[in-house]
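[1] Would you be able to build a 3D model of this:
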Amino acid sequence: MKSHRLSSNEGEDHGIDLAPMLDFVLNLLIFFIITTSFIKEAGVTVVRPNASTAEHRESGNILVAIRENGDIWMDRKQVDLREVRGVIERLHIERPDDSAVIVADQASQASVLARVMDEIRQGGIREVSIAATPTGG
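    Have a look, this model is predicted:
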């Protein structure tokens, strides 16, 4: 005699269904990509001046760097002083709530800093800050 197994679940798969978990992980990934705030850099390293009244602010969506030799950098590209206003206007149309931070090297000339600040304001941004390293005082 042959023995037959009687099972009501013959032919059914008993594996774990991974589709809901994959949907959940994909939704989490999309959420984190959308809500991530990216650190913006001007593209060059500068030595900031020290200031005892410097304070930390979270604002400043547009960074403009001025090197000690007078080179101006925006969005990791070197730009001429005459191009600053055009770049600011283009960025300001895309994001009208922006503010700007000028990261000037401590050995850079004040005249270049003043001209860059003027170009940024003529480009439509009213809130312009100058980056400094706070001192212990």
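
[2] list the helices and strands the longest helix anywhere in the chain packs on?
    Criterion DSSP state H: the longest helix present in the chain is helix 19-35. Using 3 or more C-beta pairs under 8 Å, 6 or more residues apart in numbering; DSSP states H and E, no helix or strand is in contact with helix 19-35. Any C-beta I mention is one placed from the backbone N, CA and C, and that applies to glycine too.

[3] Report the rounded mean pLDDT for it.
    Mean per-residue pLDDT for helix 19-35: 88.

[4] Check stretch 121-137 too.
    Mean predicted lDDT for stretch 121-137 stands at 80.

[5] which of the residues in it are buried?
    Neighbour counts using 16 or more other C-beta atoms under 10 Å place G123, I125, V128, S129, I130, A131, A132 of stretch 121-137 among the buried residues.

[6] Including distance to Q109 and secondary structure, could the residues you listed go into a markdown table?
    Formatted as a markdown table, the buried residues of stretch 121-137 follow (distance: C-beta to C-beta, whole Å; DSSP: H, G, I helix; E, B strand; the rest coil):
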| residue | distance to Q109 | secondary structure |
| --- | --- | --- |
| G123 | 21 | coil |
| I125 | 22 | coil |
| V128 | 17 | strand |
| S129 | 19 | strand |
| I130 | 14 | strand |
| A131 | 16 | coil |
| A132 | 16 | coil |
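
[7] Alpha carbons of the longest helix of the chain, as CSV, please.
    The C-alpha trace of helix 19-35 is given here as CSV (Å, rounded to 0.1, in the frame of the first residue of the first chain):
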residue,chain,number,x,y,z
ALA,A,19,6.3,43.5,-2.2
PRO,A,20,4.8,45.6,0.7
MET,A,21,8.2,45.9,2.3
LEU,A,22,9.8,47.1,-0.9
ASP,A,23,7.0,49.6,-1.4
PHE,A,24,7.6,51.0,2.1
VAL,A,25,11.4,51.2,1.6
LEU,A,26,11.0,53.0,-1.7
ASN,A,27,8.6,55.5,-0.1
LEU,A,28,11.1,56.1,2.7
LEU,A,29,13.9,56.6,0.2
ILE,A,30,11.8,59.2,-1.8
PHE,A,31,10.9,61.0,1.4
PHE,A,32,14.5,61.3,2.6
ILE,A,33,15.7,62.5,-0.8
ILE,A,34,13.1,65.2,-1.0
THR,A,35,13.6,66.4,2.6
